[in-house]
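Chemist: build the 3D model from these lines:
(one chain, ligands or ions: 1)
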Amino acid sequence: MESKVVLNERSCHRHQEAGKKTDGCDLDGGLAYISGFGNTLESEALAGALPRGQNSPLVCPYGLYAEQLSGTSFTSPRKLNQRSWLYRIKPSVTHEPFKARTPRHERLVSEFDKSNSCTTPTQLRWRPVDVPNSPTDFVDGLYTVCGAGSSFLRHGFAVHMYAANTSMDNCAFCNADGDFLIVPQQGRLWISTECGKLQVSPGEIAVIPQGFRFAVALPDGPSRGYVAEILAPIFRANGLAAPRDFVAPKAWFEEGSRPGYTIIQKFGGELFTAIQDFSPFNVVAWHGNYVPYKYDLSKFCPYNTVLIDHSDPSINTVLTAPTDKPGVALLDFVIFPPRWLVAEHTFRPPYYHRNCMSEFMGLIYGGYEAKADGFLPGGASLHSCMTPHGPDTKTFEATVERGNEVGPLKICNTMAFMFESCLIPRICTWALESPYMDHEYYQCWTGLRSHFSHETTNRDCVENGIQRGA
Ligand SMILES: [Fe+2]
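Modeler: Alright, predicted model coming up:
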C-alpha cells in the first residue's frame, strides 16, 4: 500500500524508533554519546589513557601509539581547523601494501565524466529498489546515482544509494575522497568507527568524515538508504539544528589478533585493499574536533510561514557544505519534517519553480506534500538546474479544492529530504537504465489544465483577501 502525507488537525507524535530513549539523556541502544557540534571533545575508554599536557609524549599511557587524523590542511585558519588525536594499540600504518580491490566495484564513482555518466535536464524519478537476496554488505551495496566534479580536484559531490542485507565482516571501509552523510531509510546501522560506536536508525543521519575507518553492521537484515558524499569541504550545521543534538561516539576499542583483517580504501573513486592483523577499532582514547557524529532529524526545529506564502526550502537546511561563494552550497542537506501549515489564502504546497541549483530528493518515511503518489519511501527524484518541477496534478487540484477556509493543518508522518548542489549532476548510466526508473514521471504534471480566464477580475483578489490598487 502506498504511503501518503497525513494531514491531521490534532497533534501527532515525533517519529520514534524502538530502543531509543527519549528522556533527554544521551543513551541510545545502550550506547553513550558526547553532545555538541564542532566542539573539541575528548573521550577515553580506559581512565588515564589520554596524555595530559601534551599530544605526543615519548611514551603514551598504557603503551599506546599517538596518531593524528587531520580533516583540514595544517595551514587552515584556526577557526576552520579540524583534527583529532587518536591513542591506539597499533598505528594505522601497520599493514601490507594497498592493492586494487578485486573484483572492482563497478558502480561507485567519484570522477564524473562521459565514461560513466550522462547528463539530461529531464525530471527523473526512481521507485525504491529491492534489497538483494544474495549476501551484500554496505560497501558492495553502494551504488552511485549522480554527481559532479572530481575527487582528484577536491571539488564535487556524489549521491549514492545502498541496498544491503549483510554486516561487513572482518573489514572496514575508509573514504579518502570525502565525507559520507548517511541517511538510512530501512534498517538500523550499527557503525563502528575509530572514535567509537554509533547506532543510526531511519530518521537519524550519520556523518563519517573523510579518512575515518568504519564498519557497518546491519542488525535488522535487509537495509536501504542514501549517502551524500562531498569531495572537499566540511559540513557545517545550520541554526535550526541545535548543536547539542549532534552526538559523537565515546571511545571504544577492541584488541587481540584479527588475521586477514581488510581495510577497503576508496581513493580517487577506486577501491583498494590492505591486509593487517588487527582491528582498526583499537583507539583507547581520543581528543579533537574531527569526529564522526549522528543527528536525530526529529529534533530539528522547523520554521514555516505564519501568515502568507511558502517559505524558501532553505529554511529547513540541517547541514551545509559551503563553496567559496557566500551562500552558495556545494551540498545542502535539507529536510521536510512534520510541521504545521497555517498560511492564509495561500497555495501551501511547494510552489512551481525552476532553480539554478540541482535537487536530489529522497523519502525516509510517509509521503511528501507535493506528490500525491509515485514518490515512495526509498525512492528518489532528481530535478536538475533550471528543470521545472512542483506539485503534481492531484496535489494542485486537491489543494485548490480544499479552499481558503482550510485552517491550521499539521503534516504528520513524513520525512522527506533533499541534497541540493550548485553543481550540475551527471547521472550514472546504470541509474538511467535502471528497471526502477519511473518513465511515466512527467505525466504527473501533464494533467495540469489552464484555468486562465478573461473573466477573472478584482473580485477574485477580494475573495482571496488581497488588496490591489486600481
Ligand atoms: Fe525544488
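Chemist: okay, T22: pLDDT?
Modeler: In this model, T22 is scored at 34, pLDDT.
Chemist: before we move on, what about V334?
Modeler: So V334 comes in at 97 (pLDDT).
Chemist: before we move on, what about the one 5 residues further on?
Modeler: Per-residue confidence (pLDDT) for R339: 95.
Chemist: end to end, how far does stretch 265-280 reach?
Modeler: 13 Å (C-alpha to C-alpha, to the nearest Å).
Chemist: what does it rub up against?
Modeler: Residues from elsewhere that reach stretch 265-280 (C-beta atoms under 8 Å, 6 or more residues apart in numbering): 89-90, 92, 94-101, 104-105, 108-111, 139, 151-152, 172-177, 194, 213, 254-264. Bear in mind the C-beta positions are built from the backbone N, C-alpha and C, glycine included.
Chemist: in strands, which of those residues fall?
Modeler: In strands, defined here by DSSP state E, the members of those are 99-100, 172-175, 213, 261-264.
Chemist: ranges for the helices of this protein?
Modeler: 138-141, 393-402, 429-432, 443-446, 458-463 (DSSP state H).
Chemist: verify the stated contact: Q68 with R88.
Modeler: No - counting by C-beta atoms under 8 Å, Q68 stays clear of R88, with 11.3 Å between them.
Chemist: list the buried residues in stretch 183-190.
Modeler: 183-190 (16 or more other C-beta atoms under 10 Å).
Chemist: filter those residues down to just the ones in strands.
Modeler: Going by DSSP E, the strands hold 183-186, 189-190 from the buried residues of stretch 183-190.
Chemist: among the residues you listed, which one lies nearest to V207?
Modeler: V183 (10.4 Å; C-beta to C-beta).
Chemist: which one is the closest one nearest to, not counting chain neighbours?
Modeler: Y226 (4.3 Å; C-beta to C-beta, 6 or more residues apart in numbering).
Chemist: what's the distance between that neighbour and V129?
Modeler: 11 Å (C-beta to C-beta, to the nearest Å).
Chemist: comparing the two, which residue is more hemmed in?
Modeler: Neighbours were counted for Y226 and for V129 using other C-beta atoms under 10 Å; Y226 has more, 24 against 18.
Chemist: check the gap between that one and N165 for me.
Modeler: Distance from Y226 to N165, by C-beta to C-beta: 17 Å.
Chemist: any idea how far M161 is from P202?
Modeler: From M161 to P202 the distance is 14 Å (C-beta to C-beta).
Chemist: again but with T122, I slipped
Modeler: T122 is 29 Å from P202, where distance means C-beta to C-beta.
Chemist: swap in A372?
Modeler: Distance from A372 to P202, counting by C-beta to C-beta: 23 Å.
Chemist: between those two, tell me which one has more neighbours.
Modeler: For A372 versus P202, neighbours defined as other C-beta under 10 Å are more numerous around P202 (24 against 20).
Chemist: specify the beta-bridge partners of the more buried one.
Modeler: In this structure, P202 bridges to E204 when assessed by DSSP bridges.
Chemist: am I right that it is in contact with P184?
Modeler: Yes - counting by C-beta under 8 Å, P202 does reach P184; the two are 4.9 Å apart.
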